[in-house]
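# Provide a 3D model corresponding to the input given below.
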Amino acid sequence: MLPTIPEFADAARRTVVAGSGSQSLILVEMLGRKLRRALAGMIAVLIFSTLAMSPLPAAARRGPARHSTNRRSATVAKRKPLRRVSARKKSVSSSRRVSRAASHRRRLRAALRRRSAGTGGSITHATWYGPGFHGKRTASGERFSRHGFTLASRHLPLGSRVRVTSLHSGKSAIARVNDRGPVSRRSGADLSEALARHLGIIHRGGGRVRIQVVK
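Residues are numbered from 1 along each chain as shown. I've put the predicted structure just below:
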C-alpha cells in the first residue's frame with residue numbers, strides 16, 4: 001500500500017530537522033522521487049477507474065462493420081436503371097396519346113366546319129352571360145343588356161345580324177353582334193341571357209348552335 005502525501009511531508013520535515021549537510025539533501029531528493037511516483041500511480045488509478053465506469057459507444061459494442069453480400073440487394077440495384085427506362089417510355093407513350101387525341105379533335109373541328117359551310121353558316125359551341133355584365137360597356141361602345149337578343153363573337157363584324165339556331169331544341173332567333181368574346185377557347189360565341197333562355201340552353205350552361213349571317 002502506498003503511503004499518503006501527508007506521511008511523506010512529515011517524514012521529509014523530520015529528516016531535514018534531524019539531518020545536516022549533504023546527507024539531508026540526498027534524503028529530501030529521494031523522498032521527492034517517491035512522492036512523484038506515488039502521485040503518478042494515483043493518477044493512473046483514477047484514469048483506469050474512470051474508463052472502466054464509462055459505457056462503451058454503440059459502434060464499439062457492435063464491432064466492425066461487415067459488408068453485405070446479399071444477392072437480392074445487388075439485383076435490386078441492377079434493376080433501378082431498367083425502372084427509369086420504363087418510366088421514360090411511359091411518359092413518351094402518354095405524350096403520343098395526347099398528340100393523337102389533339103389531332104383527332106382537329107379533324108373533327110375541320111369536318112364540322114366543312115359540314116356547316118355546305119349547309120350555310122357555322123356550327124359551334126355557345127355559352128351565355130348576363131347577370132354580372134348588365135349595364136357595362138361592350139366592344140361596340142353600347143351598354144350591354146341581359147334582356148336583349150345580342151351575342152359576342154371573335155370573328156363576326158360588330159353590328160352584323162345573325163340567325164342563331166339551337167341544335168338541341170331546334171329553336172332559332174335573330175340576334176345582333178355587339179361584343180367580342182368569349183374568353184374560353186372552347187366556345188365560339190357568348191349569347192345574352194335572354195337569347196339563351198329563348199333557345200332553351202340556359203339551364204344546360206351552353207350548347208351547340210348554328211350561326212348564319214342574315215343578308
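# any idea how this structure splits into domains?
Per automatic domain parsing, the domain ranges recorded for the chain read 5-54, 119-213.
# Let's have these in CSV, adding mean pLDDT and mean neighbour count.
All C-beta spots, glycine's among them, are computed from the backbone N, C-alpha and C. Below are the domains of the chain laid out as CSV (pLDDT from 0 to 100; neighbours: other CB atoms under 10 Å):
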stretch, mean pLDDT, mean neighbour count
domain 5-54, 68, 12
domain 119-213, 91, 17
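# Just put the ones you listed in a markdown table and tack on distance to residue 103.
Output for the domains of the chain, formatted as a markdown table (distance: least, CB to CB, whole Å):
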| stretch | distance to residue 103 |
| --- | --- |
| domain 5-54 | 76 |
| domain 119-213 | 17 |
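# between those domains, which one is nearest to residue 102?
Set against residue 102 and scored by CB to CB, the domains of the chain come closest in domain 119-213, at 13.0 Å.
# Could you find the closest non-adjacent residue to residue 192?
Take residue 192 and drop its neighbours on the chain: the residue closest to it by CB to CB, 6 or more residues apart in numbering is residue 150, 4.8 Å away.
# repeat for residue 161
residue 214 is the one closest to residue 161 (CB to CB, 6+ apart), at 4.6 Å.
# Now do the strands for the chain: every range, in order, please.
With strands called from DSSP state E, the chain shows them at 122-129, 150-153, 161-166, 172-179, 189-192, 206-213.
# closest to residue 199 out of those?
Closest approach to residue 199 among these is made by strand 161-166 (4.0 Å; CB to CB).
# list the helices and strands the closest one packs on?
Packing partners of strand 161-166 (3 or more CB pairs under 8 Å, 6 or more residues apart in numbering; DSSP states H and E): strand 172-179, helix 193-199, strand 206-213.
# re earlier: the residue nearest to residue 161: how many residues sit nearby?
10 (other CB atoms under 10 Å).
# tell me the contacts of it?
Residues near residue 214 by CB atoms under 8 Å, 6 or more residues apart in numbering: 161-163, 174.
# Mind pulling up the pLDDT for it?
At residue 214, the model reports a pLDDT of 90.
# What distance do you get for it to residue 34?
For residue 214, the distance to residue 34 (CB to CB, to the nearest Å) stands at 129 Å.
# what residues are up against the nearest residue to residue 129 once chain neighbours are set aside?
Leaving aside its sequence neighbours, residue 129 sits nearest to residue 190 (CB to CB, 6+ apart; 5.5 Å). With contact set as CB under 8 Å, 6+ apart, residue 190 has these partners: 126-129, 151-153, 179, 181-182.
# Go again with 10 Å.
Contacts for residue 190 (CB atoms under 10 Å, 6 or more residues apart in numbering) come out as 126-130, 133, 150-154, 179-184, 196, 206.
# Need the CA coordinates for stretch 178-193. CSV is fine.
Extracted C-alpha coordinates of stretch 178-193, given in CSV (Å, rounded to 0.1, in the frame of the first residue of the first chain):
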residue,chain,number,x,y,z
ASN,A,178,-72.2,43.8,-80.2
ASP,A,179,-69.3,42.4,-78.3
ARG,A,180,-66.1,40.4,-78.5
GLY,A,181,-65.6,37.1,-76.8
PRO,A,182,-66.0,34.6,-75.3
VAL,A,183,-62.8,34.3,-73.2
SER,A,184,-62.8,30.4,-73.3
ARG,A,185,-61.4,29.0,-76.5
ARG,A,186,-63.7,26.0,-76.3
SER,A,187,-66.7,28.3,-77.0
GLY,A,188,-67.2,30.1,-80.3
ALA,A,189,-70.0,32.5,-79.2
ASP,A,190,-71.3,34.1,-76.0
LEU,A,191,-75.1,34.6,-76.0
SER,A,192,-77.0,37.1,-73.8
GLU,A,193,-79.2,35.7,-71.1
